[in-house]
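**Q** Build me a model from this:
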Amino acid sequence: VHPLMPPLAGNLKALADTPATAELTNLFCWTMTRDFTASDTVTLKDIHEKSAKNMARLIAELEVTKGGKILGTVIPERRLYRGFEQPFAEVAVLPGLGDEIFAVLLGLTEDGGASVKVNVNPLVNWIWIGGTILSLAPLLVLRWRRRESNRDKE
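**A** This is a model prediction of the structure:
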């Protein structure tokens, strides 16, 4: 038990008594920009607490699957720093060219469950790819024009 998170310690003990692979549909609240389909699942694999000299962390490990295929694992955290009363959320991201999945650990519930917010943002990386192309294209055009003007001088 870490002195920074006394209320979490009791809930963590209660959560340890629940099955390790409990489905999120029973334990979690959902918010997303794309609806989950019947083939999308998020499974709670583990939740534990770690402490250091300057902070205490509550860490959840979530496995994301689509159509029975494992897409990856996200590990969101809830941090409480010494000297601050407000806990901070560390967002976990599962990147992809199609859907990008964000998970935020909101905390533990009174009944020993975990509260997680999961967002599925479609095509986010394509915005970054398009922005990069639009930023680099003028540089390539300027370089091409410089070569053309050097050829004309020769």
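**Q** most centrally placed residue in the protein?
**A** Most central residue of the chain, judged by C-alpha distance to the mean C-alpha position with C-alpha atoms, centre = their mean, is residue 92 at 2.2 Å.
**Q** show me the contacts for it.
**A** In this structure, residue 92 makes contact with 62, 74, 75, 76, 77, 102, 103, 104, judged by C-beta atoms under 8 Å, 6 or more residues apart in numbering. (Glycine included, C-beta is placed from N, CA and C.)
**Q** same check, this time on residue 95
**A** Taking C-beta under 8 Å, 6+ apart as the definition of contact, the neighbours of residue 95 are residue 125.
**Q** Quickly note the distance from it to residue 125.
**A** 6 Å (C-beta to C-beta, to the nearest Å).
**Q** Quick check: mean pLDDT of the helix or strand containing residue 125?
**A** Using DSSP states H and E, the secondary-structure element containing residue 125 is helix 124-153. When the per-residue pLDDT values of helix 124-153 are averaged, the result is 84.
**Q** same deal with stretch 55-65?
**A** The average pLDDT for stretch 55-65 rounds to 90.
**Q** With just CA atoms, put that stretch into PDB.
**A** Only the C-alpha atoms of stretch 55-65 are listed here, as PDB (Å, rounded to 0.1, in the frame of the first residue of the first chain):
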ATOM      1  CA  MET A  55       4.500   8.900  -7.500                       C
ATOM      2  CA  ALA A  56       2.100   6.000  -7.300                       C
ATOM      3  CA  ARG A  57       0.700   4.400 -10.400                       C
ATOM      4  CA  LEU A  58      -2.300   2.300 -11.100                       C
ATOM      5  CA  ILE A  59      -1.700   0.300 -14.300                       C
ATOM      6  CA  ALA A  60      -4.200  -1.600 -16.400                       C
ATOM      7  CA  GLU A  61      -3.300  -4.000 -19.200                       C
ATOM      8  CA  LEU A  62      -6.000  -4.400 -21.900                       C
ATOM      9  CA  GLU A  63      -5.900  -6.700 -24.800                       C
ATOM     10  CA  VAL A  64      -7.700  -5.500 -28.000                       C
ATOM     11  CA  THR A  65      -9.100  -8.000 -30.500                       C
END
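**Q** No more questions from me, cheers.
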